[in-house]
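Chemist: Fold the following and give me the result.
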Amino acid sequence: MVIKISIILTAISIGLLVIYGTDVAAAQGSGEGFLPIDHKARGLGLGLPSIILPIVAFFISRKEPSKTLGIMLIISAVLIMIGGITVLAIVDPVEAQEKGRNVITEAAPLLGVGAFIIVLGAIKLRKS
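Modeler: The predicted structure follows:
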């Protein structure tokens, strides 16, 4: 039962990350994605839960072996890291500085959290 809940939480995380990435991709051409929210609200509403959910999923099922959950955790982490790399790649540093954004401080936590979740996924796979 705990594994099923963990898998559902991680699936929700992956879904949120896909929606987030799709909205960011849609915003590149027109400046606005298909969701009527700015980048801060998008990050808090879609990004933050997609970081928290896989971590919660791992810890509530830490004693139970599951290859499926381990693989899903790694997929979620890779999507998070792709988001961090994308921030570094698509944001113009001059434009970001004019708006008061520091691209490194936005991307570094994503890369760190992604690496942490990959470690959790590897631990889950090793226990399986």
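
Chemist: how much space is there between the residue of the chain most remote from its centre and residue 107?
Modeler: Going by Cα atoms, centre = their mean, the residue of the chain most distant from its centre is residue 98, 26.6 Å out. From residue 98 across to residue 107, the span is 18 Å (Cβ to Cβ, to the nearest Å). Glycine gets a C-beta too; all of them are placed from N, C-alpha and C.

Chemist: Please apply the same query to residue 95.
Modeler: 15 Å.

Chemist: Please apply the same query to residue 4.
Modeler: Applying Cβ to Cβ to residue 4 and residue 107 gives a distance of 34 Å.

Chemist: If you count surrounding residues, which of these two has more?
Modeler: residue 107 (19 against 11; other Cβ atoms under 10 Å).

Chemist: my read: that one touches residue 81, true?
Modeler: No. In this structure, residue 107 is not within contact of residue 81 by Cβ atoms under 8 Å, at 9.6 Å.

Chemist: Let's verify residue 62: helix, strand, or coil?
Modeler: coil (DSSP: H, G, I helix; E, B strand; the rest coil).

Chemist: measure it to residue 127 for me?
Modeler: Relative to residue 127, and taking Cβ to Cβ, residue 62 is found at 8 Å.
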